[in-house]
Every structure is written in structure tokens, then in C-alpha cells.
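> Here you go, sequence then predicted model.
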Amino acid sequence: MKQFWVEVSKISLKKINPVILSNKYYEAIWIDKKLLNIIKKLIKNYKIVMIANDSDDIYLSKIQKFKLERIFDKLYCSSQLGISKPNSRIFKYVLDDLKIKPREMLFIDNQDNNIESAKKLNINTILFSTIDKLMINLPEFFV
């Protein structure tokens with residue numbers, strides 16, 4: 001990642017120190033509080049996991065900044081697994097690791113290609129766009 005920030009710094013219009021640039025990026029990472037509240041409610045009755053397409057640096061930064069290990073039952077990261085969404089292998093890995101069938105999983109993501117890949121494995125999906133739409137779509141899966 002250090003080399004990445006050096007390269008970005010070189011091509012940026014404003015000459016900025018790569019360390020400052022990376023620090024600004026990590027500071028700008030945020031998590032939606034409403035979404036966290038939904039997750040905290042769901043975790044009382046369901047196993048909630050996160051599948052992230054991140055580098056180790058970004059992934060570890062998110063875990064540390066938001067204490068994700070306290071929020072999710074399990075965390076999966078593409079950089080650690082060597083596979084990323086939308087590759088179906090990552091979903092198969094998670095299903096095997098959790099010892100569940102595709103129909104027992106609900107995958108929520110904001111990227112259509114990730115949703116389509118999960119659907120091909122018969123995983124239930126919701127394409128996330130807004131909290132309000134998520135709240136409308138969620139109840140159909142918890143009847």
C-alpha cells in the first residue's frame with residue numbers, strides 16, 4: 001500500500017506527501033450509523049458476517065476504527081483469502097466456513113455484479129442503495 005500512495009501522489013494535481021495522502025484517506029473512511037443500528041438489531045437473532053474487498057491495510061484500519069470484531073460474528077477479507085467479490089469462490093468459501101446452505105444466507109451488497117454472482121449460487125440477495133429501501137426489503141427474508 002505504501003507504494004500505491006507514492007504512485008497516487010506522483011500523479012495527483014497537487015503535490016502531496018504520500019503519508020499525508022494515505023492518512024487523509026483512512027480518516028475519510030466512515031460507516032453509516034443507521035446501518036450499524038440495523039446490524040446490531042439483527043445480530044440478536046442472526047449470524048452477521050462481513051465480506052470485504054480490501055487490502056490488508058484498509059481492512060485492518062476499518063476493524064480498528066470501527067471495532068468491527070465487536071459488531072460482526074465473523075469477518076472475511078479478500079486480501080487474506082486471495083479471492084474477492086464477485087468471484088463465486090469467495091461465497092462458496094464463506095458458505096463452507098459457516099457450514100450453511102446458500103438458501104440460509106442473505107447477502108446484502110451495493111454492487112450489482114456482486115449480487116449477481118451470489119444469486120447464481122442460489123444465495124438470497126438484496127441490492128443495497130439506501131437504508132430506507134433496505135428496511136423495506138429486509139422483512140421478506142425474516143418471516
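Yep, that arrived.
> Assess the claim that Ser79 and Asp56 are in contact.
Yes - the pair Ser79 / Asp56 is scored as a contact, 4.9 Å apart, by CB atoms under 8 Å. Where you see a C-beta, it was placed from the backbone N, CA and C, and this is true even at glycine.
> higher neighbour count, these two?
Neighbours around Ser79 and Asp56, counted as other CB atoms under 10 Å, are more numerous at Ser79. The numbers are 17 against 12.
> Now do the same contact list for that one.
Ser79 is in contact with 54-56, 59, counting by CB atoms under 8 Å, 6 or more residues apart in numbering.
> now Lys65
26, 29.
> how far away is it from Tyr59?
Using CB to CB, to the nearest Å, Lys65 is found at 11 Å from Tyr59.
> follow-up on the earlier one: neighbour-wise, which one of the contacts of Ser79 leads?
Using other CB under 10 Å as the neighbour test, those are led by Tyr59, with 20 neighbours.
> Phi, psi for the residue most central in space within the chain please.
Centroid-nearest residue in the chain, with CA atoms, centre = their mean: Ala52, separated by 3.6 Å. Ala52 adopts backbone torsions of phi -110, psi 140, taken as degrees, to the nearest 10.
> Repeat that for Lys41.
Dihedral angles (degrees, to the nearest 10) for Lys41: phi -70, psi -40.
> Check the one 3 residues further on too.
Lys44 adopts backbone torsions of phi -70, psi -30, taken as degrees, to the nearest 10.
> Number of residues surrounding it?
Residues near Lys44, counting by other CB under 10 Å: 7.
> helices or strands next to the helix or strand Tyr25 falls within in the packing?
Following DSSP states H and E, the helix or strand that holds Tyr25 is helix 18-28. If you count contacts as 3 or more CB pairs under 8 Å, 6 or more residues apart in numbering; DSSP states H and E, helix 18-28 packs onto helix 2-11, helix 56-66.
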